[in-house]
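Visitor: Pasting the sequence and the predicted model now:
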Amino acid sequence: MAMAALRREGRRIAAPIISPRPINPLRSSIVPSEDQSFLGVRSVSTQIVRNRMKSVKNIQKITKAMKMVAASKLRAIQSKTENSRGLWQPFTALLGDLPSVDVKKTVVVTISSDKGLCGGINSTSVKVSRGLKKLNSGPDKESKYVIVGEKAKAQLVRDSKNDIELALTELQKNPLNYTQVAVLADDILKNVEYDALRIVYNKFQSVVQFIPSVSTILSPEIVERESEAGGQLGELDSYEVEGAETKSEVLQNLTEFQFSCVMFNAVLENACSEQGARMSAMDSSSRNAGEMLDRLTLTYNRTRQATITTELIEIISGASALEG
């Protein structure tokens, strides 16, 4: 009888000690089966949450740093942009900006950024460019693209690869200046035949606002035709040409200079819009990371509290079993 009682008591004591823990399906897929006996089942879930919290903190540090860098670059470019606005306005007053003029060959110059993480400014420029191309296409009309920037190139090459005449990237690798943009404008004029150039860019208004804009540059032949026909360019005939140059040569020089000035302003305006949009995007990302970190902290505390409670219940149950 005594031996039988001891055997029953031994079975009752040994049962809680050698009984395996229930295996969590999530944990069993992460930790190998031979290591599960050495690690707590619930410690893996808290470790996953801690790793996630660490990743979110690192992301938040990066987005805050990127916001500060964008703010510094914006202050450096904004003064150049404001000064460049007075450079092209006299040409617009003289040669006009006629978006509705009817021409056969239209070239859409799309200005975008080379880097991402700046909101939707590049997508906006691409949408406007596609709309202009569709508007200026027809049986007797031809419309092509000239792309400045890697992001617009990546989007337009998907469905309009055959319509891209020229693609230029890494313009903002060095600090922007007029000489650099003038060389770029000269390359475009040498490699592209056009009746009208439609420059699509984002005009900077504030850090949180930019306006998609289009500037039209007409070829010297179209300018001469429009001036002879009267209208907005009819006043060109009232100007006298001094020196040995003819009217056609003067118009050629004026339109080329106008294009380089408008391009310089458009590139600076788009660069300002890019940095402002990047500041807003990184600020939103930092706030989202903070909210996610708060939710993960709450989840971690609840999981840790539940783990401690469960372990206490198991200890109390084991002690009760030993006493009983």
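Guide: Perfect, I can see it now. Here the structure is a predicted model, which means the values were calculated and not measured.
Visitor: ok, and the closest non-adjacent residue to Cys272?
Guide: For Cys272, ignoring the flanking residues on the chain, the nearest one in space by Cβ to Cβ, 6 or more residues apart in numbering is Phe204 at 3.7 Å. Quick note: C-beta positions are derived from backbone N, CA and C, even for glycine.
Visitor: That neighbour pairs with what?
Guide: With beta bridges defined as DSSP bridges, Phe204 has these partners: Phe210.
Visitor: pretty sure it contacts Gly276?
Guide: Yes. Between Phe204 and Gly276 a contact is recorded at 6.5 Å, counting by Cβ atoms under 8 Å.
Visitor: shared neighbours of the two, which are they?
Guide: Common contact partners of Phe204 and Gly276 (Cβ atoms under 8 Å, 6 or more residues apart in numbering): Phe210.
Visitor: Compute the distance between the closest residue to Leu87 other than its chain neighbours and Ser286, please.
Guide: Nearest non-adjacent residue to Leu87, counting by Cβ to Cβ, 6+ apart: Cys261, 4.8 Å away. Cys261 sits 38 Å away from Ser286, going by Cβ to Cβ, to the nearest Å.
Visitor: Same question for Val103.
Guide: Applying Cβ to Cβ, the value for Val103 to Ser286 is 47 Å.
Visitor: residues near Glu221, how many?
Guide: 14 (other Cβ atoms under 10 Å).
Visitor: Following element in sequence after whichever strand or helix holds it, please.
Guide: For Glu221, the host element (DSSP states H and E) is helix 220-228. Moving toward the C-terminus from helix 220-228, the next helix or strand (DSSP H and E) is helix 247-323.
Visitor: what is the orientation angle of that following helix with helix 220-228?
Guide: Counting by axes from the mean of the first three to the mean of the last three Cα atoms, to 10 degrees, helix 247-323 lies at 120 degrees to helix 220-228.
Visitor: Tell me which other helices or strands the helix holding Glu221 touches.
Guide: helix 247-323 (3 or more Cβ pairs under 8 Å, 6 or more residues apart in numbering; DSSP states H and E).
Visitor: roughly how far is the helix it packs on from the heart of the chain?
Guide: 12 Å (Cα atoms, centre = their mean, to the nearest Å).
Visitor: Check stretch 81-96 too.
Guide: Distance, stretch centre to chain centre, for stretch 81-96: 29 Å (Cα atoms, centre = their mean).
Visitor: Return the set of buried residues in it.
Guide: Buried residues in stretch 81-96, counted by 16 or more other Cβ atoms under 10 Å: Thr81, Ser84, Leu87, Trp88, Phe91, Leu95, Gly96.
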